[in-house]
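**Q** Task: produce atomic coordinates for the following.
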Amino acid sequence: MNGAVSTSLSEILKSGDILVNLRTETLRDAVSQLLAAPLANAGLTPEAVAAAVETVMKREADGATCIPPVALPHGRTREVTQVVAGLGINAKGVVSERPEMQIILVFMSPLDASSLHLRFLSEAARVLRQESVVAALLSAHDGVEALAIIRAGDR
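**A** The predicted model follows:
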């Protein structure tokens, strides 16, 4: 990367941050589950993680980010220094009240890094718009397989 900050979905996500067959009651539950580990791994306290979830939910209330079958809820916070993300996948819908959301990529970026935020959003959308990537993700068995699919689509 030569010191550059990555906006590649396959470099930001870790296999452990991908939850296959995730099923939650609400979008808030999905956002919370998908951000908990990645934000904790980035050094955030449980209180800061809860605040990040609230930030994402407020942003989502301003304008939904779902273009079925993919949703990209996101937010920005002073608490992170790079993009942090979690991915949930379920062919039957990640959120029971919103079955059209089969793939949810939730991410947080630094508050003072608008261009980084927009570049990552653009790159993630580019990868997750590919029908072959979406179809393969919906049949992935685990995070390792899902990450390999994303890497192939990230080229």
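
**Q** residue ranges for the helices of this protein, please.
**A** When assigned using DSSP state H, the helices of the chain occupy the ranges 9-12, 27-41, 46-62, 114-128, 131-138, 143-153.

**Q** same for the fifth one, what does it pack against?
**A** So that's helix 131-138. Packing contacts for helix 131-138, counted by 3 or more CB pairs under 8 Å, 6 or more residues apart in numbering; DSSP states H and E, involve strand 103-110, helix 143-153. All C-beta spots, glycine's among them, are computed from the backbone N, C-alpha and C.

**Q** So for A71, which of the helices of the chain sits nearest?
**A** helix 27-41 (7.8 Å; CB to CB).

**Q** Just the residues contacting the helix or strand of the chain with the lowest mean pLDDT, thanks.
**A** Taking mean pLDDT, DSSP states H and E as the measure, the helices and strands of the chain show their lowest mean at strand 66-67, namely a mean of 89. With CB atoms under 8 Å, 6 or more residues apart in numbering as the contact definition, strand 66-67 has outside contacts at L72, R98, E100, M101.

**Q** Now, of those, which are buried?
**A** Of the members of these, the ones counted as buried by neighbours, 16 or more other CB atoms under 10 Å, are L72, R98, M101.

**Q** Lowest-confidence entry in those residues?
**A** Across the buried ones among the contacts of strand 66-67, the smallest pLDDT goes to R98, namely 92.

**Q** Against E60, how distant is it?
**A** With distances defined as CB to CB, to the nearest Å, the gap from R98 to E60 amounts to 11 Å.

**Q** just V134 next, same as before
**A** According to CB to CB, V134 stands 21 Å off from E60.

**Q** for D112, same thing?
**A** In terms of CB to CB, D112 sits 22 Å off from E60.

**Q** now S96
**A** Relative to E60, S96 is positioned 17 Å away (criterion: CB to CB).

**Q** So which of the two has more stuff around it?
**A** Neighbour comparison, S96 and E60: the larger count goes to E60, with 20 against 15 (by other CB atoms under 10 Å).

**Q** excluding its backbone neighbours, what's nearest the more buried one?
**A** In space, not counting the residues next to it along the chain, E60 is nearest to P73; the distance is 4.9 Å by CB to CB, 6 or more residues apart in numbering.

**Q** What residues does the one you found make contact with?
**A** Listed by CB under 8 Å, 6+ apart, the contact set of P73 reads L27, V31, V56, M57, R59, E60, T65, I104, V106.
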